[in-house]
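**Q** Dropping a prediction and its sequence here:
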Amino acid sequence: MTRALLGLLLAGAVALPPALGQELTGTLKKIKESGSVVIGYRESSLPFSYLNAARLPIGYSIDLCLEIVEEAKDALGLDDVRIKFVPVTPENRIDMVASGKVDLECGSTTNNLERQKRVAFSPVIFVSGTKLMVRRPVTVRSYLDLKGKTVAVTAGTTNQAAIKVLSDKRKLGMRFAVAKDHGQAFALVEKGKADAFATDDVLLYGLIAKSGRAKEFQVVGDFLSYDPYGIMYRRNDPDFDSVVRDTFERLATSRELEQIYNKWFIAKLPTGERLNLAMSAQLRSIFEILGLP
């Protein structure tokens, strides 16, 4: 039996965990030496990453990151790993990952080529796009109706860049009220300080649901950008790349990935809201590539 196992290993049919088969590097080395993982979370990106009544981070992205931590524990042969939660904002999240201040950024971050120059991304966890949220009665139905008006945006987001490009291209002269986070941008529309809030549609639905005032707000217009979300971690770390990829393939083939999605987008949330947002055909195709039956 030992000879047979050795033969499989030599043939490359069985891969040893990095902790056993080679010298540790990168994020796995840091986790092994510190006994901890630092997770960056968002405070108001419902249902991806937000705070519950006890001010603890919860959400879809948080659950996926915790699964990555479990996979890392198995790869390292550790019984336990401490998890440290650190708040991040759209402006500082990439710097926090690239500098090593957080190991995993678990929020609602778009994966694009520009950001890939500084950080690595997990497989796509959600597909969204920029839309507009306005107050009722609705007078703005398209970005073209925002000529000379004030648009709330969140600093450091792809949405901020997308709506500015459209304003410049169409010579709309939009004014931009830049907020630190989504909750603050929502409040600008709520208080009448902005005519619309431009961000990913799923986040707008989440903010409206959390406010409990769905009759007062509406999401309008066509998609103004395409935004595939991923979990960020440090670049040039092949061992941790394997851990992240293995996590998603395991969750997909076991259907746990679909169950986690349904927990946060279909079922009633732990904080009482319900989005009832079915998985898009695009996202299902991505999960099927990972192994979803």
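**A** Looks like it arrived, so ask away.
**Q** Now the spatially most central residue of the chain. Its backbone dihedrals?
**A** Centroid-nearest residue in the chain, with Cα atoms, centre = their mean: residue 108, separated by 2.9 Å. Phi and psi for residue 108, reported as degrees, to the nearest 10, are phi -140, psi 60.
**Q** Renumber starting at 40 from here on
**A** Okay, using 40 as the starting number, the last item reads as residue 147.
**Q** Would you agree it is in contact with residue 79?
**A** No: if you go by Cβ atoms under 8 Å, residue 147 and residue 79 don't touch, sitting 11.9 Å apart. The way it works is simple: take the backbone N, C-alpha and C, and place the C-beta from them, glycine included.
**Q** pLDDT weak spots in this structure?
**A** Applying pLDDT under 70 to the chain picks out residues 40-61.
**Q** cutoff 90 now
**A** 40-62 (pLDDT under 90).
**Q** for it, what spans make up the strands?
**A** Using DSSP state E, the strands assigned to the chain run over residues 75-80, 83-84, 88-90, 96-97, 121-126, 143-149, 158-160, 165-167, 169-174, 189-193, 214-218, 235-239, 256-259, 266-273.
**Q** For the fifth one, which helices and strands make contact with it?
**A** Taking 3 or more Cβ pairs under 8 Å, 6 or more residues apart in numbering; DSSP states H and E as the contact definition, the neighbouring helices and strands of strand 121-126 are strand 75-80.
**Q** and the strand it packs on, which residues are buried?
**A** Buried residues in strand 75-80, defined by neighbour count with 16 or more other Cβ atoms under 10 Å: 76, 77, 78, 79, 80.
**Q** Identify the bridge partners of the fourth one.
**A** The residues paired with residue 79 through beta bridges, assigned by DSSP bridges, are residue 125, residue 144.
**Q** Quick one: residues contacting it.
**A** 125-127, 132, 135-136, 140-141, 143-146, 271 (Cβ atoms under 8 Å, 6 or more residues apart in numbering).
**Q** The same query, at a cut-off of 6 Å, please.
**A** 125, 127, 135, 141, 144 (Cβ atoms under 6 Å, 6 or more residues apart in numbering).
**Q** Same check on the second one?
**A** Under the criterion of Cβ under 6 Å, 6+ apart, the contact list for residue 77 reads 123, 125, 141, 142.
**Q** Over to the third one?
**A** Applying Cβ under 6 Å, 6+ apart to residue 78 gives the contacts 104, 124, 143, 145.
**Q** What count of nearby residues applies to the second one?
**A** This points to residue 124. Neighbours of residue 124 under the rule other Cβ atoms under 10 Å: 16.
**Q** Isn't it up against residue 96?
**A** Yes: Residue 124 is within contact range of residue 96, at 5.2 Å (criterion: Cβ atoms under 6 Å).
**Q** And the helices in this structure?
**A** Assigned by DSSP state H, the chain shows helices spanning 41-50, 57-60, 65-73, 99-115, 132-137, 152-155, 197-209, 221-229, 240-250, 277-292, 295-304, 320-329.
**Q** that older thread, am I right that the residue nearest to the centre of the chain is in contact with residue 89?
**A** No: judged on Cβ under 6 Å, residue 147 makes no contact with residue 89 at a distance of 9.7 Å.
**Q** what touches both of residue 124 and residue 96?
**A** residue 80.
**Q** Put together a markdown table for the contacts of residue 78, with distance to residue 281 on each row.
**A** Listed next are the contacts of residue 78 as a markdown table, based on distance: Cβ to Cβ, whole Å:
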| residue | distance to residue 281 |
| --- | --- |
| 104 | 16 |
| 124 | 25 |
| 143 | 15 |
| 145 | 19 |
